[in-house]
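J.: Generate coordinates for the sequence data below:
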Amino acid sequence: MRRYSFYQESSVAWLGKVPHHWEVGPARRWFKIVNGGTPKSGVDEYWDGGVTWLTPDDLGQNQGEWIHKGRRTITLEGLHNSSATLCPPGSIVVSTRAPIGHVAISATETSTNQGCRTLVPGPQIDSTFGFYAVKSACPVLESLGQGSTFMELTPANLGSVRLPIPPLDEQRDIVAFLDRETERIDSLIAKKRLLIERLQEYRTALITRTVTRGLPPEAARAAGLDPSPRLKPSGVEWLGDVPEHWEVLRLRRLAEIETGSKDTVDRQDNGEYPFFVRSQTIERIDSWSFEGEAVLTAGDGVGVGRVFHYIDGRFDYHQRMYKFSGFRRVIGKFFFQYFRAMLRVVVLQGTAKSTVDSLRLPMLQDFPVSCPPRREQQAIVEYIERRSERIDALVAHVDQLIDRLEEYRSALITAAVTGKIDARDKALAIVGRAE
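T.: Predicted coordinates for the structure are as follows:
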């Protein structure tokens, strides 16, 4: 990749050398720094108006360089009765606490809360170039955070960050180059994420078909099973037909159902035992309330129909997690595969709607489970685990490719806005080799 012909020392550690005709100076030279604020929460007249109002969470949830709106809005009265300030479109909004370093360009007139600060570009700055430059300086912004309860980037520290600034026409050339190249990278990333979605959908379909209809013919023959069993109605509309020699039993006949006694706040860093909460993330704790084989699922919250765990050992669990154990006529791992595939299919038919979805004990007790003979259950479990292992390996490989593309994207932006590559004349065809 082409470099500039002449460089100069920037005297800034994170920048190193920059092109000789670029300027390097503190952010306050190029931008007006504007603080945010929050109207009083108890005054209805201050909220839900026509003024865009952004928070660090809004910036963190935003996709892309531009941000059009936040989760909440305020009124002009709320704006005038708080320390929030309205800034023009094209301003660069930076989260300066909780956390430091989310960055976006405002697409409309925008105000923020006190967790953000806005950089209003001066006449020498292209907004998108300014965004890329500030984004590249995020590690420096994070290092300048101060505080004991939480880290915050003060206006003075934000304004002191030294940025490399080329002439305005050159900024626009760099932006055009980056827009083209990042669009190509983003397209590649989107295709690979779609591939992961398809692989996950395939795994779900594979498991669903196998736990309700049995093994595919070749796998059944290899396991010494009938490759083409006759089917019969299951008596359950969403389950459909099942092999004739299978039973359909209510869950109450297959396992004991209990809930835990702990809350999320009981988790302990580096605890000795797994602690299952209403998330796919497994926490740790120093207590255990059960030892043995069990399947767990979230009883309410966003994890309903989405969070499932299998374990054989000591553990503790949340008061709103259901534990299934003491399995009868069903192998624990078969139950796990069946339950996580089929519960989501019917979960909305038995949920109590208030603020969140929730599972009720009677619905779980009456949940129908298709049960093949134990030997066939074991063969199904082994087949699913083998196929899932292959799919997981493919997903992990694609995830690695996505990580590399994202790292390359970030490195390309930093190289362009710090002058390590010369992007003035044309966009180099460098992404095609990553396809």
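
J.: As a check, name the ranges of all strands in the stretch 151-300 of the chain.
T.: Secondary structure of the stretch 151-300 of the chain, counting by DSSP state E, counting those that start in this stretch: strands at 162-165, 231-233, 241-243, 247-250, 256-259, 273-276, 282-285, 290-298.

J.: Can you list the buried residues in stretch 90-99?
T.: Buried residues in stretch 90-99, counting neighbours by 16 or more other CB atoms under 10 Å, are found at 90-97, 99. For the C-beta atoms, the positions are set from N, CA and C on the backbone; glycine is no exception.

J.: Filter those residues down to just the ones in strands.
T.: 92-96 (DSSP state E).

J.: so which of those comes closest to A176?
T.: Comparing these against A176 with CB to CB places I92 closest, at 18.6 Å.

J.: Could you measure from the closest one over to E9?
T.: I92 is 27 Å from E9, where distance means CB to CB, to the nearest Å.

J.: Same question for N113.
T.: In terms of CB to CB, N113 sits 39 Å off from E9.

J.: Compare the two and say which is more crowded by neighbours.
T.: N113 (23 against 11; other CB atoms under 10 Å).

J.: got a list of what that one touches?
T.: N113 makes contact with 36-38, 53-56, 84 under the criterion CB atoms under 8 Å, 6 or more residues apart in numbering.

J.: For those, give me TSV that also has pLDDT, secondary structure and distance to S106.
T.: What follows is those, written out as TSV (pLDDT from 0 to 100; DSSP: H, G, I helix; E, B strand; the rest coil; distance: CB to CB, whole Å):
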residue	pLDDT	secondary structure	distance to S106
G36	97	coil	12
G37	97	coil	16
T38	97	coil	18
W53	98	strand	11
L54	98	strand	8
T55	97	coil	13
P56	97	helix	14
A84	96	coil	13
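
J.: got CSV for the residues you listed, with neighbour count too?
T.: As requested, the contacts of N113 are exported to CSV (neighbours: other CB atoms under 10 Å):
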residue, neighbour count
G36, 24
G37, 17
T38, 19
W53, 28
L54, 27
T55, 22
P56, 23
A84, 26
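
J.: tally of neighbours for the closest residue to E376 other than its chain neighbours?
T.: Spatial nearest neighbour of E376, excluding adjacent residues (CB to CB, 6 or more residues apart in numbering): L225 at 5.9 Å. Neighbours of L225 under the rule other CB under 10 Å: 19.

J.: For V248, see how far away L225 is.
T.: Distance from L225 to V248, by CB to CB: 19 Å.

J.: And for P164?
T.: According to CB to CB, P164 and V248 sit 69 Å apart.

J.: who's E247 bridged to?
T.: C371 (DSSP bridges).

J.: isn't it right next to P373, touching?
T.: No. Using CB atoms under 8 Å, E247 makes no contact with P373, being 9.0 Å away.

J.: what comes into contact with stretch 149-157?
T.: Defining contact as CB under 8 Å, 6+ apart, one finds that stretch 149-157 is touched by 33, 35, 94, 96-100, 117, 141-142, 144-146.

J.: Apply 7 Å and report the result again.
T.: 33, 35, 96-98, 100, 117, 141, 144-146 (CB atoms under 7 Å, 6 or more residues apart in numbering).

J.: Next: stretch 251-270.
T.: By CB under 7 Å, 6+ apart, stretch 251-270 touches 275, 277, 283-286, 289, 299, 316-330, 335, 361, 364-365, 367, 369.

J.: again with stretch 39-53
T.: Taking CB under 7 Å, 6+ apart as the rule, stretch 39-53 contacts 69-70, 72-79, 81-82, 84, 86, 108-113.

J.: Give the ChimeraX command for selecting the buried subset of those.
T.: The ChimeraX command for the buried members of the contacts of stretch 39-53 (criterion: 16+ other CB under 10 Å) is given here:
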select :70,74,75,78,79,81,82,84,86,110,111,112,113
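
J.: Among the contacts of stretch 39-53, which lie within helices?
T.: Secondary structure from DSSP state H places 76-79 of those in helices.

J.: Put together a markdown table for those, with pLDDT on each row.
T.: What follows is those, written out as a markdown table (pLDDT from 0 to 100):
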| residue | pLDDT |
| --- | --- |
| L76 | 97 |
| E77 | 97 |
| G78 | 97 |
| L79 | 97 |
